[in-house]
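**Q** Pasting a predicted model and its sequence here:
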Amino acid sequence: MNLTMSAAPSHTAVLPEETIEALAVQPGGRYIDCTLGGGGHAAAILEHSSPGGQLLGIDADPEAMKAAKSRLEAYSGSTVLVNQNFINLKAICNKYHFFPVHGILFDLGLSSLQLNGDGRGFSFRHDSPLDMRLNPQQPVTAADIVNSLSEKELARVIKTFGEESRSNQIARYIVRQRPIKTTFELAEIVEQATGGRRGRIHPATRTFLALRIAVNEELEHLKATLEQAVDLLGLGGRLVVISYHSLEDRIVKQFTHQEASGETARLRLINKKVITPSLVEIRFNPRSRSAKLRAAERITMPKEANSE
Ligand SMILES: C[S@@+](CC[C@H](N)C(=O)[O-])C[C@H]1O[C@@H](n2cnc3c(N)ncnc32)[C@H](O)[C@@H]1O
């Protein structure tokens, strides 16, 4: 397979070669892709771990699951694909006796499939209901949050998860104009609250990010799952995380640095500095521009998956 950046019909995998190298993919290895998306990284892992490689792939989004299943059809004998949230990582591995593993990948955030898809509410570029759930079974939508939190709580969500300095003003405008049902309505209200567009970035970008993070409890799930992931790695197994915004990257950095320090260290950092896409990759795939890859290797023997 050509790992250089061929235009995929749905989602183009970010930092493809760097990911395979950071995972140190080897023939016969067992790997977990916690964020299957369109299956781009998963296909590359399967290709490089052949013959004999196995992949457990997870995605919370049933639509992503369908896309990944069809992309990975040729490897159906070597894959287990699970439509669940990665917060259940350890339980999933116990169920499928998938332990210990040679590498675990998280390619966080959303795929182009989700961002370009109609009706999911992730982007203000399409007019759709304010949903933003990765999985339609989740109980809370972005509309629920926007229309039910107090002004103070809403401002806190937008400030904390969106790192938005104008959060108070935005929350005030939102509360005044509720109920808000669609992405276009919300984007327009944020534009009014912030005095309209100034720079290159749309004024609603941070508010949309904050709501998505809140709806899917992204930061809590990431923290808790990183812990589980280290437990599942065999000696020499690799943990690789690609993140797309500073809050995610801070969690990954803190976690890996902490696990790699002191007498009880379980990890060794592979790259002290983050790996970022080349200018060529960014030109070809603009969505890659904010990507940061961190990798670490397990340096201790694992215990039983469910007892660690
Ligand atoms: C950037 S995309 C991954 C793209 C993939 N690496 C590829 O090459 O096609 C991120 C995927 O992770 C999934 N995801 C995000 N958070 C998740 C979670 N907590 N549990 C399971 N899947 C999650 C999203 O639904 C999305 O499909």
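**A** Noted; the coordinates are in hand.

**Q** In a helix, F161, correct?
**A** Yes - counting by DSSP: H, G, I helix; E, B strand; the rest coil, F161 is part of a helix.

**Q** okay, it: pLDDT?
**A** Per-residue pLDDT puts F161 at 98.

**Q** Could I get the full set of helices for the stretch 51-200 of the chain?
**A** 62-71, 89-95, 112-116, 142-148, 151-162, 167-176, 183-194 (DSSP state H, counting those that start in this stretch).

**Q** Remind me what the fourth one packs against, helices and strands.
**A** Contact analysis of helix 142-148 by 3 or more C-beta pairs under 8 Å, 6 or more residues apart in numbering; DSSP states H and E lists helix 151-162, helix 205-216 as its packing neighbours. (Each C-beta comes from the backbone N, C-alpha and C, glycine too.)

**Q** just the ones you listed: most buried one?
**A** Across the helices and strands packed on helix 142-148, averaging neighbours per residue (mean count of other C-beta atoms under 10 Å) puts helix 205-216 on top, at a mean of 23.

**Q** average pLDDT for that helix?
**A** Rounded mean pLDDT across helix 205-216 is 97.

**Q** Then stretch 221-233?
**A** Mean predicted confidence for stretch 221-233 is 98.

**Q** so how many other residues sit close to the residue lying closest to H102 once chain neighbours are set aside?
**A** The shortest distance from H102 to any non-neighbouring residue, by C-beta to C-beta, 6 or more residues apart in numbering, is to G29 (3.8 Å). Neighbour count for G29, taken as other C-beta atoms under 10 Å: 22.

**Q** List the contacts of G29.
**A** G29 makes contacts with S49, G53, Q54, V101, H102, G103, as judged by C-beta atoms under 8 Å, 6 or more residues apart in numbering.

**Q** how deep is the first one tucked in, by neighbour count?
**A** When neighbours are defined as other C-beta under 10 Å, S49 has 24 of them.

**Q** Could you check how far G162 is from G77?
**A** Using C-beta to C-beta, to the nearest Å, we find G162 at a distance of 43 Å from G77.

**Q** Please apply the same query to S148.
**A** Distance from S148 to G77, by C-beta to C-beta: 47 Å.

**Q** OK, now which residue of this protein is nearest to the ligand?
**A** Residue nearest to the ligand within the chain: G37 (2.4 Å; C-beta to the nearest ligand atom).
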